[in-house]
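S.K.: prediction below, plus the sequence it came from.
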Amino acid sequence: MNQAEHNADFLVTGSYLYLQDKNKTIIANGGVAIHQETIIETGAAADLAKKYPAAKLLATEHGLIMPGLVNTHTHAAMAFSQGLPDNHPIKQRLQECIFPVAAKLNGDMVYQASLLALAEMIKSGTTSFCDMSFFAKDVARATQESGMRAWIGEILSDSPSPNYGKMVSGFQYVEELFTLYDNHRLISMTVDPHSVHTCSPDLLNKLRLMAEKYDALYIIQLSETAEKIKDAKERYGASPVMHLENLGLLGGRVVAGHCVVLTDEEIELLAQRNVKIAHCPESNMKLASGIAPVPRMLAAGLSVGLGTGCSAGNNDMDMFGEMNSAAKLHKVNTLDPTALPAETVLEMATMGGARVLGAEKKIGSLEPGKKADLIVLDLDQPHLTPLYNIPSHAVYAARGADVVHSVINGNVVMQNRKLETLDEKAILADMIRMDWQIRN
């Protein structure tokens, strides 16, 4: 886009602008000029104000403007399950609590739970997310209302679904999703086999064909625990990664969630096949799944983003907390204080996440021609003063609650901590009523 052809609709200005471009450019007293849904110019706030005098101004005196965060692995509809129950082995938690509660859900409940998750994500700095849930039409319905950018898919497995029943209806349901959201501005549909241990080889192959038909991402949870590695070897004579390789399924459209237990050879293979990784450190820690070998993944050239997972395995969806955990976890795991520096982790939460979702040309950095997805943090706080290094502050000191404004696709979805697209009070009240209905 030739920026001279357009006047800016509005300017976002602050004390610092972190572009997350290849040079990691920082502009003091900087700003972003936006026309419709696109960034048309970045630079000194004073210069932009002179150039675009008619533009509406969103100014934050002590604001840090940065790209919105990209959450590469969520289960939004599981927002109902926060704290259900903690401190139990994962099988026990699933069988005795999560599954029985999930069986009571319907589309309207999923819609309400998704609204809660979306409100939390917006208020903690996430502007894009990749979700696998049941009742995906209702997740998408909530997402469309929120104004968030999303990649959404229906969980598919060999077991009957609480949504569509038998798998034959699941294929039809997914086809309908792709029709409903064909060429949508913000929502892209994905194909989501749950995992190797819940999907037969035939189902995995059929879903690969569907993903190719629609040129869609193929989202799967992979190599989450040592127990699941053992199970795959007993069933198929191969680890989950090698099972997918033997089926010819590994490739550039695959986004693999978790990837906790991997050999060096598997890491190299995933890199060769251009598979993308969604790293969920807090979920993996809380469920005692293990520690994904992220430093080795990055060294091998893999694209790695960050994800929160679901509220059953991670009690919040705050990507600032996820960055903090990721940076510290891999330092203590390797006993190397240089492992996963703050700049690398911030990259994973922004441009890294965009690459995982195949959207690096649209989002992940604040550059002319890209979509206007950005957040503003309030730096005028004790825990953010003084400021020596922006990536360090973002990863080690900032919290989701420090985000004061959020812009997605050129639309202000939160201003001064107030959600503009969602009714937060109504969402909370509805979730309290739904919680009573589920647990009684």
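M.R.: Good, I have the coordinates.
S.K.: pLDDT below threshold where in the stretch 301-440 of the chain?
M.R.: For the stretch 301-440 of the chain, residues meeting the criterion pLDDT under 70 lie at 311-312, 436-440.
S.K.: what ranges does the stretch 201-350 of the chain have for its strands?
M.R.: Using DSSP state E, counting those that start in this stretch, the strands of the stretch 201-350 of the chain run over 218-222, 254-258, 276-279, 303-306.
S.K.: the residue nearest to R235 when sequence neighbours are not counted: how many residues sit nearby?
M.R.: Beyond its immediate neighbours in the sequence, the residue positioned closest to R235 (CB to CB, 6 or more residues apart in numbering) is H197, lying 7.7 Å away. From N, CA and C alone the C-beta is placed, and that goes for glycine too. Burial of H197, expressed as a neighbour count using other CB atoms under 10 Å, amounts to 18.
S.K.: save the strands of the stretch 201-350 of the chain as TSV, and put in distance to H405 and mean neighbour count too.
M.R.: Listed next are the strands of the stretch 201-350 of the chain as TSV, based on distance: least, CB to CB, whole Å; neighbours: other CB atoms under 10 Å:
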stretch	distance to H405	mean neighbour count
strand 218-222	30	27
strand 254-258	29	26
strand 276-279	27	29
strand 303-306	22	26
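S.K.: now render these as JSON lines, adding distance to R235.
M.R.: Formatted as JSON lines, those follow (distance: least, CB to CB, whole Å):
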{"stretch": "strand 218-222", "distance to R235": "15"}
{"stretch": "strand 254-258", "distance to R235": "19"}
{"stretch": "strand 276-279", "distance to R235": "23"}
{"stretch": "strand 303-306", "distance to R235": "28"}
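S.K.: can you tell me which of the ones you listed is nearest to K22?
M.R.: strand 303-306 (15.3 Å; CB to CB).
S.K.: pretty sure the residue nearest to R235 sits against I229.
M.R.: No - look at H197 against I229 with CB atoms under 8 Å: they stay out of range, at 9.8 Å.
S.K.: name the residues contacting each of these two.
M.R.: Taking CB atoms under 8 Å, 6 or more residues apart in numbering as the contact rule, the neighbours common to H197 and I229 are P240.
S.K.: residues contacting S200?
M.R.: Counting by CB under 8 Å, 6+ apart, S200 makes contact with D158.
S.K.: how near is it to R235?
M.R.: As defined by CB to CB, to the nearest Å, S200 lies at a distance of 10 Å from R235.
S.K.: now do V110
M.R.: V110 sits at a distance of 31 Å from R235 (criterion: CB to CB).
S.K.: tell me which element the most centrally placed residue in the chain falls in.
M.R.: With distances taken as CA atoms, centre = their mean, the chain has N71 as the residue nearest its mean C-alpha position (1.5 Å). If you go by DSSP states H and E, N71 is part of strand 69-74.
S.K.: off-centre distance for that strand?
M.R.: 1 Å (CA atoms, centre = their mean, to the nearest Å).
S.K.: just checking, what packs against that strand?
M.R.: In terms of contact count using 3 or more CB pairs under 8 Å, 6 or more residues apart in numbering; DSSP states H and E, strand 69-74 is assigned the packing partners helix 107-123, strand 126-133, strand 254-258, strand 276-279, strand 303-306, helix 319-334, helix 353-356.
S.K.: mind listing residues that contact the last one?
M.R.: Under the criterion CB under 8 Å, 6+ apart, residues 69-72, 128, 130, 255, 276-278, 303-306, 360, 362-365 lie in contact with helix 353-356.
S.K.: recalculate using a threshold of 10 Å.
M.R.: Contact partners of helix 353-356, identified using CB atoms under 10 Å, 6 or more residues apart in numbering, comprise 20, 67-73, 126, 128-130, 151, 217, 255-256, 275-279, 302-307, 319, 347-348, 359-365, 370, 373.
S.K.: what's near enough to touch the residue of the chain most remote from its centre?
M.R.: For the chain, the residue at maximal distance from the C-alpha centroid (CA atoms, centre = their mean) is K50, at 36.6 Å. Applying CB under 10 Å, 6+ apart, one finds that K50 lies in contact with A44.
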